[in-house]
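*Asks:* could you work out the structure for the sequence below:
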Amino acid sequence: MVQFSKELLIVAFVCMLAGCRKSESKTEINPAVIGQVTLQMTDVMVHDVTNPPLSARFFAYTCLAGYEVVAQNDTAYKSMHGVLNDFPEIAKPALKEYSYQLASVIAMLETAKKMQPSGALLQKFQDKLIDSCRMAGFTDEVIAGSQEYGLAVSKQILKHAKSDKYNMISNFPRYEPTGKTGDWYPTPPGYFPPVEPYFKTIRSFTLDSSSQFRPEAPVAFSEDKSSAFFKLMKQNYDEHKEPEHKVVAAFWDCNPFALENKGHLMVGMKKISPGAHWMGITDIACKQGKTNFSKTLLINTSVAIGLMDGFMTCWDEKYRSNRIRPETAIRKYIDPTWKPFLQTPPFPEYLSGHSVISTASAVILTHYFGDNYAYTDTVEERFNLKARKFSSFLAAAQECGMSRFYGGIHFMDAIDNGQKQGAQVGEWVIKTLNE
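*Replies:* As a prediction, the model looks like this:
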(Lines give C-alpha, C1' and ligand atoms only; values in the text may rest on other atoms or scores of the structure.)
Protein backbone atom coordinates (compact mmCIF):
# COMPACT_ATOMS: atom_id res chain seq x y z
CA MET A 1 0.00 0.00 0.00
CA VAL A 2 1.30 3.43 -0.93
CA GLN A 3 2.53 5.52 1.99
CA PHE A 4 2.09 9.24 1.37
CA SER A 5 4.76 11.04 3.35
CA LYS A 6 3.63 12.87 6.45
CA GLU A 7 5.21 16.06 5.13
CA LEU A 8 3.35 15.76 1.80
CA LEU A 9 0.00 15.23 3.47
CA ILE A 10 0.60 18.22 5.74
CA VAL A 11 1.49 20.42 2.77
CA ALA A 12 -1.58 19.21 0.89
CA PHE A 13 -3.85 19.86 3.85
CA VAL A 14 -2.44 23.32 4.58
CA CYS A 15 -2.76 24.19 0.91
CA MET A 16 -6.40 23.14 0.85
CA LEU A 17 -7.23 24.79 4.15
CA ALA A 18 -5.73 28.06 2.95
CA GLY A 19 -7.50 27.72 -0.40
CA CYS A 20 -11.02 26.72 0.65
CA ARG A 21 -12.66 29.99 1.51
CA LYS A 22 -16.08 31.55 1.47
CA SER A 23 -16.69 35.14 0.33
CA GLU A 24 -19.96 37.05 0.59
CA SER A 25 -21.20 35.73 -2.74
CA LYS A 26 -19.35 32.52 -3.50
CA THR A 27 -17.20 29.69 -2.25
CA GLU A 28 -13.75 29.27 -3.74
CA ILE A 29 -10.98 26.69 -4.04
CA ASN A 30 -7.32 27.66 -4.32
CA PRO A 31 -6.04 26.68 -7.81
CA ALA A 32 -3.07 24.99 -6.12
CA VAL A 33 -5.40 22.14 -5.12
CA ILE A 34 -5.42 21.04 -8.78
CA GLY A 35 -1.69 20.42 -8.58
CA GLN A 36 -2.19 18.56 -5.33
CA VAL A 37 -4.59 16.19 -7.08
CA THR A 38 -2.10 15.40 -9.85
CA LEU A 39 0.62 15.00 -7.23
CA GLN A 40 -1.47 12.50 -5.29
CA MET A 41 -2.21 10.68 -8.55
CA THR A 42 1.52 10.54 -9.20
CA ASP A 43 2.14 8.88 -5.84
CA VAL A 44 -0.44 6.22 -6.68
CA MET A 45 1.22 5.74 -10.08
CA VAL A 46 4.58 5.21 -8.38
CA HIS A 47 2.96 2.69 -6.05
CA ASP A 48 1.36 0.84 -8.98
CA VAL A 49 4.44 1.12 -11.25
CA THR A 50 2.17 2.61 -13.91
CA ASN A 51 3.84 2.77 -17.31
CA PRO A 52 4.38 6.19 -18.97
CA PRO A 53 1.72 6.03 -21.73
CA LEU A 54 -0.93 4.76 -19.33
CA SER A 55 -0.01 7.46 -16.80
CA ALA A 56 -0.71 10.08 -19.47
CA ARG A 57 -4.10 8.51 -20.16
CA PHE A 58 -4.99 8.72 -16.45
CA PHE A 59 -3.96 12.37 -16.25
CA ALA A 60 -5.85 13.31 -19.40
CA TYR A 61 -9.24 11.86 -18.46
CA THR A 62 -8.93 13.07 -14.87
CA CYS A 63 -8.19 16.64 -15.93
CA LEU A 64 -10.95 16.53 -18.53
CA ALA A 65 -13.46 15.61 -15.83
CA GLY A 66 -12.54 18.67 -13.82
CA TYR A 67 -12.34 20.93 -16.85
CA GLU A 68 -15.82 20.05 -18.11
CA VAL A 69 -17.30 21.22 -14.79
CA VAL A 70 -15.44 24.50 -15.26
CA ALA A 71 -16.74 24.86 -18.83
CA GLN A 72 -20.31 24.44 -17.62
CA ASN A 73 -19.98 27.26 -15.10
CA ASP A 74 -17.35 29.73 -16.37
CA THR A 75 -18.46 31.34 -19.64
CA ALA A 76 -14.86 32.19 -20.56
CA TYR A 77 -14.21 28.48 -21.21
CA LYS A 78 -15.84 26.14 -23.73
CA SER A 79 -16.58 22.44 -23.52
CA MET A 80 -14.36 19.93 -25.30
CA HIS A 81 -17.47 18.56 -27.02
CA GLY A 82 -16.92 19.01 -30.74
CA VAL A 83 -13.23 19.70 -30.12
CA LEU A 84 -11.76 16.36 -29.08
CA ASN A 85 -12.27 13.11 -30.98
CA ASP A 86 -15.74 11.67 -30.26
CA PHE A 87 -15.98 13.65 -27.03
CA PRO A 88 -19.62 13.66 -25.87
CA GLU A 89 -21.73 16.50 -24.60
CA ILE A 90 -21.50 16.30 -20.82
CA ALA A 91 -24.86 16.68 -19.10
CA LYS A 92 -24.98 19.23 -16.28
CA PRO A 93 -26.83 18.00 -13.20
CA ALA A 94 -29.75 20.11 -12.00
CA LEU A 95 -28.54 21.33 -8.62
CA LYS A 96 -29.14 24.57 -6.76
CA GLU A 97 -26.36 24.64 -4.18
CA TYR A 98 -22.82 23.74 -5.06
CA SER A 99 -19.33 25.14 -5.56
CA TYR A 100 -18.36 24.43 -9.15
CA GLN A 101 -14.69 24.57 -8.20
CA LEU A 102 -15.15 21.98 -5.47
CA ALA A 103 -17.29 19.91 -7.86
CA SER A 104 -14.48 20.14 -10.41
CA VAL A 105 -11.90 18.76 -7.98
CA ILE A 106 -14.32 16.03 -6.88
CA ALA A 107 -14.85 15.07 -10.53
CA MET A 108 -11.09 14.73 -10.92
CA LEU A 109 -10.70 12.60 -7.82
CA GLU A 110 -13.66 10.35 -8.60
CA THR A 111 -12.27 9.75 -12.09
CA ALA A 112 -8.76 8.98 -10.86
CA LYS A 113 -10.08 6.71 -8.13
CA LYS A 114 -11.87 4.56 -10.69
CA MET A 115 -9.20 4.56 -13.41
CA GLN A 116 -6.04 3.96 -11.37
CA PRO A 117 -5.62 0.38 -10.08
CA SER A 118 -4.99 1.61 -6.53
CA GLY A 119 -7.13 4.71 -6.93
CA ALA A 120 -9.01 3.99 -3.72
CA LEU A 121 -5.92 5.31 -1.93
CA LEU A 122 -6.98 8.81 -3.04
CA GLN A 123 -10.00 8.68 -0.75
CA LYS A 124 -7.94 9.84 2.23
CA PHE A 125 -6.93 12.95 0.33
CA GLN A 126 -10.53 13.57 -0.77
CA ASP A 127 -11.77 13.28 2.82
CA LYS A 128 -9.21 15.84 3.96
CA LEU A 129 -10.29 18.17 1.16
CA ILE A 130 -13.93 17.99 2.26
CA ASP A 131 -12.97 18.51 5.90
CA SER A 132 -10.88 21.56 5.02
CA CYS A 133 -13.77 23.06 3.04
CA ARG A 134 -16.14 22.48 5.93
CA MET A 135 -13.67 24.17 8.32
CA ALA A 136 -13.39 27.09 5.91
CA GLY A 137 -17.15 27.67 6.08
CA PHE A 138 -18.62 25.70 3.21
CA THR A 139 -22.17 24.65 4.15
CA ASP A 140 -23.17 20.99 4.22
CA GLU A 141 -25.61 21.70 1.39
CA VAL A 142 -22.88 23.16 -0.84
CA ILE A 143 -20.54 20.29 -0.07
CA ALA A 144 -23.21 17.65 -0.77
CA GLY A 145 -24.24 19.37 -4.00
CA SER A 146 -20.62 19.65 -5.12
CA GLN A 147 -20.02 15.96 -4.44
CA GLU A 148 -23.14 14.96 -6.38
CA TYR A 149 -22.14 17.23 -9.27
CA GLY A 150 -18.57 15.95 -9.43
CA LEU A 151 -19.65 12.31 -9.31
CA ALA A 152 -22.24 12.85 -12.09
CA VAL A 153 -19.65 14.34 -14.44
CA SER A 154 -17.04 11.74 -13.54
CA LYS A 155 -19.40 8.91 -14.49
CA GLN A 156 -19.84 10.42 -17.95
CA ILE A 157 -16.10 10.87 -18.43
CA LEU A 158 -15.45 7.30 -17.32
CA LYS A 159 -17.98 6.03 -19.85
CA HIS A 160 -16.17 8.00 -22.55
CA ALA A 161 -12.81 6.69 -21.39
CA LYS A 162 -14.04 3.10 -21.57
CA SER A 163 -14.90 3.62 -25.24
CA ASP A 164 -11.30 4.48 -26.24
CA LYS A 165 -10.62 0.73 -26.61
CA TYR A 166 -7.71 0.60 -24.17
CA ASN A 167 -9.49 -2.32 -22.52
CA MET A 168 -9.30 -4.19 -25.84
CA ILE A 169 -5.49 -4.22 -25.90
CA SER A 170 -5.36 -7.43 -23.89
CA ASN A 171 -7.03 -9.22 -26.83
CA PHE A 172 -3.98 -8.66 -29.04
CA PRO A 173 -1.35 -11.41 -29.29
CA ARG A 174 1.59 -11.19 -26.91
CA TYR A 175 4.33 -9.10 -28.47
CA GLU A 176 7.50 -11.09 -29.02
CA PRO A 177 10.96 -9.79 -30.05
CA THR A 178 11.61 -10.53 -33.72
CA GLY A 179 15.11 -11.86 -33.13
CA LYS A 180 16.28 -10.03 -36.25
CA THR A 181 19.71 -8.39 -36.25
CA GLY A 182 19.34 -4.73 -35.34
CA ASP A 183 15.88 -5.11 -33.77
CA TRP A 184 14.99 -4.41 -30.17
CA TYR A 185 15.55 -7.06 -27.52
CA PRO A 186 14.81 -6.93 -23.74
CA THR A 187 17.61 -5.39 -21.69
CA PRO A 188 19.09 -5.95 -18.22
CA PRO A 189 18.68 -5.98 -15.33
CA GLY A 190 14.97 -6.83 -15.48
CA TYR A 191 14.64 -8.06 -19.06
CA PHE A 192 11.04 -6.83 -18.92
CA PRO A 193 8.65 -7.51 -21.80
CA PRO A 194 7.91 -4.51 -24.04
CA VAL A 195 5.56 -1.85 -22.65
CA GLU A 196 2.30 -1.03 -24.45
CA PRO A 197 3.13 -2.31 -27.95
CA TYR A 198 -0.49 -1.69 -29.02
CA PHE A 199 -0.98 1.75 -27.47
CA LYS A 200 -1.28 3.24 -30.95
CA THR A 201 -4.57 1.38 -31.48
CA ILE A 202 -6.63 3.33 -28.94
CA ARG A 203 -8.51 6.57 -29.58
CA SER A 204 -6.41 9.72 -29.38
CA PHE A 205 -7.72 13.06 -28.20
CA THR A 206 -6.76 15.28 -31.14
CA LEU A 207 -4.87 13.23 -33.72
CA ASP A 208 -6.23 12.08 -37.08
CA SER A 209 -4.26 8.88 -36.47
CA SER A 210 -1.29 7.77 -34.37
CA SER A 211 0.90 8.01 -37.49
CA GLN A 212 -0.13 11.60 -38.26
CA PHE A 213 3.34 12.92 -37.46
CA ARG A 214 5.36 9.96 -38.65
CA PRO A 215 9.05 10.92 -38.47
CA GLU A 216 11.80 10.21 -40.94
CA ALA A 217 13.17 6.69 -40.69
CA PRO A 218 15.96 6.07 -38.18
CA VAL A 219 19.54 5.66 -39.31
CA ALA A 220 19.66 2.16 -40.73
CA PHE A 221 21.31 -0.52 -38.63
CA SER A 222 24.69 -1.70 -39.87
CA GLU A 223 27.63 -3.67 -38.49
CA ASP A 224 29.95 -1.83 -40.87
CA LYS A 225 32.38 0.28 -38.83
CA SER A 226 32.26 3.04 -41.44
CA SER A 227 28.45 3.24 -41.41
CA ALA A 228 26.30 6.05 -40.01
CA PHE A 229 24.85 3.67 -37.45
CA PHE A 230 28.25 2.64 -36.16
CA LYS A 231 29.06 6.33 -35.74
CA LEU A 232 25.93 6.73 -33.63
CA MET A 233 27.07 3.84 -31.44
CA LYS A 234 30.51 5.39 -31.07
CA GLN A 235 28.93 8.66 -29.96
CA ASN A 236 27.27 6.85 -27.07
CA TYR A 237 30.31 4.76 -26.30
CA ASP A 238 32.64 7.78 -26.24
CA GLU A 239 30.34 9.90 -24.03
CA HIS A 240 32.58 10.70 -21.06
CA LYS A 241 29.80 10.84 -18.48
CA GLU A 242 31.01 14.13 -17.02
CA PRO A 243 29.66 14.93 -13.55
CA GLU A 244 27.17 17.52 -14.85
CA HIS A 245 25.97 15.09 -17.50
CA LYS A 246 25.27 12.53 -14.79
CA VAL A 247 23.32 15.10 -12.81
CA VAL A 248 21.21 15.95 -15.86
CA ALA A 249 20.63 12.29 -16.71
CA ALA A 250 19.54 11.43 -13.17
CA PHE A 251 17.26 14.48 -12.89
CA TRP A 252 15.25 13.50 -15.97
CA ASP A 253 15.47 9.70 -15.57
CA CYS A 254 11.77 9.20 -14.67
CA ASN A 255 11.93 5.45 -15.28
CA PRO A 256 9.18 3.64 -13.32
CA PHE A 257 10.81 0.30 -14.15
CA ALA A 258 14.28 1.06 -12.70
CA LEU A 259 15.66 -1.63 -10.37
CA GLU A 260 18.45 -1.74 -7.79
CA ASN A 261 20.32 -4.60 -6.14
CA LYS A 262 19.38 -5.38 -2.52
CA GLY A 263 21.57 -8.32 -1.63
CA HIS A 264 20.27 -11.18 -3.74
CA LEU A 265 17.11 -9.30 -4.72
CA MET A 266 16.23 -6.76 -7.41
CA VAL A 267 13.98 -4.06 -5.95
CA GLY A 268 12.02 -1.37 -7.77
CA MET A 269 13.38 2.14 -7.23
CA LYS A 270 9.90 3.77 -7.38
CA LYS A 271 10.37 6.66 -9.80
CA ILE A 272 7.78 8.95 -11.38
CA SER A 273 6.96 8.85 -15.08
CA PRO A 274 8.15 11.58 -17.49
CA GLY A 275 4.56 12.71 -17.91
CA ALA A 276 4.17 13.12 -14.16
CA HIS A 277 7.32 15.27 -14.15
CA TRP A 278 5.79 17.61 -16.74
CA MET A 279 2.49 17.75 -14.84
CA GLY A 280 4.62 18.87 -11.89
CA ILE A 281 6.25 21.56 -14.04
CA THR A 282 2.76 22.66 -15.11
CA ASP A 283 1.83 23.08 -11.44
CA ILE A 284 4.98 25.15 -10.83
CA ALA A 285 4.24 27.40 -13.81
CA CYS A 286 0.62 27.97 -12.81
CA LYS A 287 1.55 28.86 -9.25
CA GLN A 288 4.29 31.21 -10.42
CA GLY A 289 1.94 32.81 -12.95
CA LYS A 290 -0.86 33.08 -10.37
CA THR A 291 -3.38 31.69 -12.86
CA ASN A 292 -6.96 31.45 -11.62
CA PHE A 293 -8.75 28.16 -11.00
CA SER A 294 -10.34 27.86 -14.44
CA LYS A 295 -7.21 28.70 -16.39
CA THR A 296 -5.10 26.41 -14.21
CA LEU A 297 -7.38 23.51 -15.06
CA LEU A 298 -7.38 24.40 -18.77
CA ILE A 299 -3.57 24.40 -18.83
CA ASN A 300 -3.32 21.12 -16.94
CA THR A 301 -5.85 19.55 -19.29
CA SER A 302 -4.01 20.82 -22.38
CA VAL A 303 -0.68 19.44 -21.18
CA ALA A 304 -2.24 16.09 -20.24
CA ILE A 305 -3.85 15.79 -23.67
CA GLY A 306 -0.48 16.60 -25.25
CA LEU A 307 1.16 13.88 -23.17
CA MET A 308 -1.38 11.28 -24.24
CA ASP A 309 -1.24 12.12 -27.95
CA GLY A 310 2.54 12.52 -27.79
CA PHE A 311 2.93 9.01 -26.41
CA MET A 312 0.62 7.70 -29.11
CA THR A 313 2.68 9.16 -31.96
CA CYS A 314 5.95 8.10 -30.34
CA TRP A 315 4.81 4.54 -29.56
CA ASP A 316 3.49 4.22 -33.11
CA GLU A 317 7.03 4.76 -34.36
CA LYS A 318 8.76 2.74 -31.64
CA TYR A 319 7.06 -0.47 -32.67
CA ARG A 320 7.32 0.31 -36.37
CA SER A 321 11.09 0.86 -36.48
CA ASN A 322 11.65 -1.54 -33.53
CA ARG A 323 15.27 -0.42 -33.25
CA ILE A 324 17.91 -1.94 -31.01
CA ARG A 325 18.96 -0.07 -27.84
CA PRO A 326 22.52 1.31 -27.44
CA GLU A 327 23.16 -1.10 -24.57
CA THR A 328 22.45 -4.17 -26.70
CA ALA A 329 24.29 -2.89 -29.78
CA ILE A 330 27.43 -1.60 -28.04
CA ARG A 331 27.87 -4.75 -25.98
CA LYS A 332 27.65 -6.89 -29.09
CA TYR A 333 29.69 -4.82 -31.55
CA ILE A 334 32.09 -2.66 -29.50
CA ASP A 335 32.55 -3.62 -25.85
CA PRO A 336 30.77 -6.49 -24.04
CA THR A 337 31.45 -4.85 -20.65
CA TRP A 338 29.86 -1.47 -21.45
CA LYS A 339 26.97 -0.26 -19.31
CA PRO A 340 24.81 2.84 -19.74
CA PHE A 341 24.65 5.32 -16.86
CA LEU A 342 20.84 4.92 -16.71
CA GLN A 343 18.90 1.68 -16.86
CA THR A 344 17.38 1.08 -20.27
CA PRO A 345 13.56 1.19 -20.23
CA PRO A 346 11.66 -1.81 -21.68
CA PHE A 347 10.63 -0.76 -25.18
CA PRO A 348 12.26 -0.09 -28.57
CA GLU A 349 14.68 2.82 -28.94
CA TYR A 350 13.40 5.06 -31.75
CA LEU A 351 11.97 7.67 -31.02
CA SER A 352 12.93 9.02 -27.61
CA GLY A 353 9.69 9.25 -25.62
CA HIS A 354 11.15 11.85 -23.27
CA SER A 355 12.08 14.03 -26.24
CA VAL A 356 8.61 13.79 -27.77
CA ILE A 357 6.46 14.44 -24.72
CA SER A 358 8.81 17.02 -23.17
CA THR A 359 8.86 19.11 -26.33
CA ALA A 360 5.10 18.77 -26.77
CA SER A 361 4.56 19.90 -23.16
CA ALA A 362 7.03 22.77 -23.56
CA VAL A 363 5.27 24.02 -26.70
CA ILE A 364 1.90 23.93 -24.92
CA LEU A 365 3.20 25.68 -21.80
CA THR A 366 4.97 28.29 -23.92
CA HIS A 367 1.64 29.03 -25.60
CA TYR A 368 0.10 29.89 -22.23
CA PHE A 369 3.04 31.55 -20.48
CA GLY A 370 5.22 32.86 -23.31
CA ASP A 371 8.84 32.43 -24.36
CA ASN A 372 11.63 32.80 -21.81
CA TYR A 373 9.40 31.96 -18.86
CA ALA A 374 12.12 31.28 -16.31
CA TYR A 375 11.31 28.90 -13.47
CA THR A 376 12.89 26.52 -10.99
CA ASP A 377 12.01 22.84 -11.38
CA THR A 378 11.60 21.37 -7.89
CA VAL A 379 9.62 18.30 -8.98
CA GLU A 380 12.34 15.79 -8.10
CA GLU A 381 13.33 17.32 -4.75
CA ARG A 382 11.18 14.86 -2.84
CA PHE A 383 13.23 12.10 -4.50
CA ASN A 384 16.45 13.69 -3.21
CA LEU A 385 17.45 15.35 -6.48
CA LYS A 386 18.39 19.03 -6.41
CA ALA A 387 16.16 21.60 -8.14
CA ARG A 388 17.26 22.91 -11.53
CA LYS A 389 16.70 26.37 -13.01
CA PHE A 390 15.58 26.88 -16.60
CA SER A 391 15.26 29.99 -18.75
CA SER A 392 12.26 28.56 -20.62
CA PHE A 393 10.16 25.44 -21.06
CA LEU A 394 11.84 24.71 -24.38
CA ALA A 395 15.27 24.92 -22.73
CA ALA A 396 14.09 22.34 -20.20
CA ALA A 397 12.76 20.09 -22.97
CA GLN A 398 16.08 20.36 -24.82
CA GLU A 399 17.97 19.32 -21.69
CA CYS A 400 15.52 16.50 -21.06
CA GLY A 401 16.17 15.12 -24.54
CA MET A 402 19.94 15.32 -24.11
CA SER A 403 19.64 13.54 -20.77
CA ARG A 404 18.75 10.37 -22.66
CA PHE A 405 22.04 10.57 -24.58
CA TYR A 406 23.99 11.33 -21.41
CA GLY A 407 22.31 8.33 -19.80
CA GLY A 408 23.38 6.06 -22.65
CA ILE A 409 19.89 4.84 -23.51
CA HIS A 410 19.18 6.68 -26.79
CA PHE A 411 20.99 7.42 -30.03
CA MET A 412 21.09 11.05 -31.09
CA ASP A 413 18.77 10.74 -34.10
CA ALA A 414 16.05 9.38 -31.78
CA ILE A 415 16.41 12.51 -29.66
CA ASP A 416 16.60 15.03 -32.51
CA ASN A 417 13.68 13.56 -34.42
CA GLY A 418 11.74 12.99 -31.21
CA GLN A 419 11.94 16.70 -30.45
CA LYS A 420 10.70 17.48 -33.96
CA GLN A 421 7.72 15.18 -33.53
CA GLY A 422 7.01 16.58 -30.07
CA ALA A 423 6.89 20.12 -31.47
CA GLN A 424 4.40 18.99 -34.11
CA VAL A 425 2.20 17.34 -31.50
CA GLY A 426 2.29 20.37 -29.19
CA GLU A 427 1.44 22.78 -31.99
CA TRP A 428 -1.37 20.50 -33.18
CA VAL A 429 -2.91 20.25 -29.71
CA ILE A 430 -2.89 24.03 -29.29
CA LYS A 431 -4.37 24.51 -32.78
CA THR A 432 -7.11 21.97 -32.09
CA LEU A 433 -8.06 23.39 -28.71
CA ASN A 434 -8.24 26.92 -30.05
CA GLU A 435 -10.18 26.39 -33.27
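*Asks:* ok, P117 to R382 distance?
*Replies:* Taken as CB to CB, to the nearest Å, the spacing of P117 relative to R382 amounts to 22 Å. The way it works is simple: take the backbone N, C-alpha and C, and place the C-beta from them, glycine included.
*Asks:* got the phi and psi for Y375?
*Replies:* Geometry field for Y375 lists phi and psi as phi -160, psi 170, criterion degrees, to the nearest 10.
*Asks:* check contacts around it.
*Replies:* Contacts here follow CB atoms under 8 Å, 6 or more residues apart in numbering; on that basis Y375 touches I281, I284, A285, Q288, K389, F390.
*Asks:* rerun at 7 Å
*Replies:* Counting by CB atoms under 7 Å, 6 or more residues apart in numbering, Y375 makes contact with I284, A285, Q288, F390.
*Asks:* equivalent analysis for P218, please.
*Replies:* The neighbourhood of P218, defined by CB under 7 Å, 6+ apart, consists of S321, R323, Y350, D413, A414.
*Asks:* quick revisit: what about the contacts of Y375, which one has the most neighbours?
*Replies:* A285 (21 neighbours; other CB atoms under 10 Å).
*Asks:* spell out the residue ranges of the helices in the stretch 51-200 of the chain.
*Replies:* In order along the chain, the stretch 51-200 of the chain carries the following helices (DSSP state H, counting those that start in this stretch): 52-73, 100-115, 123-135, 140-162.
*Asks:* wait, which of those helices is closest to Y368?
*Replies:* Within the helices of the stretch 51-200 of the chain, the stretch nearest Y368 is helix 52-73; the backing value is 14.0 Å (CB to CB).
*Asks:* what angle sits between the closest one and helix 100-115?
*Replies:* Direction vectors for helix 52-73 and helix 100-115, defined by axes from the mean of the first three to the mean of the last three CA atoms, to 10 degrees, enclose an angle of 150 degrees.
*Asks:* just give me the neighbour total for the nearest residue to K78 once chain neighbours are set aside.
*Replies:* When the adjacent residues along the chain are set aside, K78 lies closest to A71, with 5.9 Å between them (CB to CB, 6 or more residues apart in numbering). Neighbour count for A71, taken as other CB under 10 Å: 24.
*Asks:* could you do P336 as well?
*Replies:* Every residue meeting other CB under 10 Å relative to P336 is counted, giving 8.
*Asks:* swap in L109?
*Replies:* Using other CB under 10 Å, the number of residues around L109 comes to 25.
*Asks:* top of the contacts of P218 by neighbour count?
*Replies:* Highest neighbour count within these, by other CB under 10 Å: A414, with 33 neighbours.
*Asks:* pop out the phi and psi values for that one.
*Replies:* phi -70, psi -30.
*Asks:* residues touching it, list them.
*Replies:* P218, E349, Y350, L351, S352.
*Asks:* try 8 Å
*Replies:* Contacts for A414 were tallied using CB under 8 Å, 6+ apart; they are P218, R323, E349, Y350, L351, S352, S355, R404.
*Asks:* surely the fourth one is in contact with K318?
*Replies:* Yes. Under the criterion of CB atoms under 8 Å, Y350 lies in contact with K318, with a separation of 6.6 Å.
*Asks:* M402 against M412, yeah?
*Replies:* No. Judged on CB under 8 Å, M402 makes no contact with M412 at a distance of 9.1 Å.
*Asks:* the two: who's more crowded?
*Replies:* Residue environment comparison for M402 versus M412 gives the larger neighbour count to M402, 21 against 17, counting by other CB under 10 Å.
*Asks:* which residues touch the nearest residue to E89 once chain neighbours are set aside?
*Replies:* In this structure, E89 finds its nearest non-sequential neighbour in H81, 4.5 Å apart by CB to CB, 6+ apart. Contacts here follow CB under 8 Å, 6+ apart; on that basis H81 touches F87, P88, E89, I90.
*Asks:* likewise for F205?
*Replies:* A60, L84, N85, F87, I305, M308, D309, V429.
*Asks:* buried ones only from the residues you listed, please, as a PyMOL command.
*Replies:* With 16 or more other CB atoms under 10 Å as the burial test, the buried ones among these are selected in PyMOL as follows:
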select buried, resi 60+84+87+305+308+309+429
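*Asks:* going by distance to E223, which of the contacts of F205 wins?
*Replies:* Using CB to CB, D309 is the member of the contacts of F205 that sits closest to E223, with 36.3 Å.
*Asks:* surely that closest one meets R203?
*Replies:* No. Taking CB under 8 Å as the definition, D309 is not a contact partner of R203, at 10.4 Å.
*Asks:* which stretch of helix or strand covers the most centrally placed residue in the chain?
*Replies:* Central residue of the chain (CA atoms, centre = their mean): G275, 2.0 Å from the mean position. Applying DSSP states H and E as the criterion places G275 in helix 274-289.
*Asks:* is it correct that E148 is in contact with K96?
*Replies:* No. Taking contacts as CB under 8 Å, E148 lies outside contact range of K96: 11.1 Å.
*Asks:* more neighbours: which of these two?
*Replies:* A direct count of neighbours by other CB under 10 Å for E148 and K96 places E148 higher, at 14 against 7.
*Asks:* please report the distance of that one from L95.
*Replies:* Where L95 is concerned, E148 sits at a distance of 6 Å (CB to CB).
*Asks:* before we move on, what about T337?
*Replies:* Noted for T337: a distance of 66 Å to L95, by CB to CB.
*Asks:* ok, these two, which is more surrounded?
*Replies:* The residue with more neighbours, out of T337 and L95 and counting by other CB under 10 Å, is L95; that gives 16 against 7.
*Asks:* so that one makes contact with G145?
*Replies:* Yes. Using CB under 8 Å, L95 is in contact with G145, at 4.7 Å.
*Asks:* how about H367, what does it touch?
*Replies:* Contact partners of H367, counting by CB under 8 Å, 6+ apart, are G426, I430.
*Asks:* switch the cut-off to 10 Å
*Replies:* I299, S302, F393, G426, E427, V429, I430, K431, L433, N434 (CB atoms under 10 Å, 6 or more residues apart in numbering).
*Asks:* can you check V105 too?
*Replies:* The contact partners of V105, by CB under 10 Å, 6+ apart, come to 16, 20, 29, 33-34, 36-37, 65-66, 69, 99, 126, 129-130, 133, 146, 150, 293, 297.
*Asks:* ok, K420 next?
*Replies:* Residues in contact with K420 (CB under 10 Å, 6+ apart) are F213, P215, E216, L351, S355, V356, T359.
*Asks:* show the buried residues in those residues.
*Replies:* Neighbour-count burial (16+ other CB under 10 Å) applied to the contacts of K420 gives F213, P215, L351, S355, V356, T359.
*Asks:* is it true that the fifth one touches Q419?
*Replies:* Read it as V356. Yes. With contacts counted by CB atoms under 10 Å, V356 reaches Q419, the gap being 7.5 Å.
*Asks:* give the residues shared as contacts by the two.
*Replies:* Counting by CB under 10 Å, 6+ apart, the contacts common to V356 and Q419 are A397, G401.
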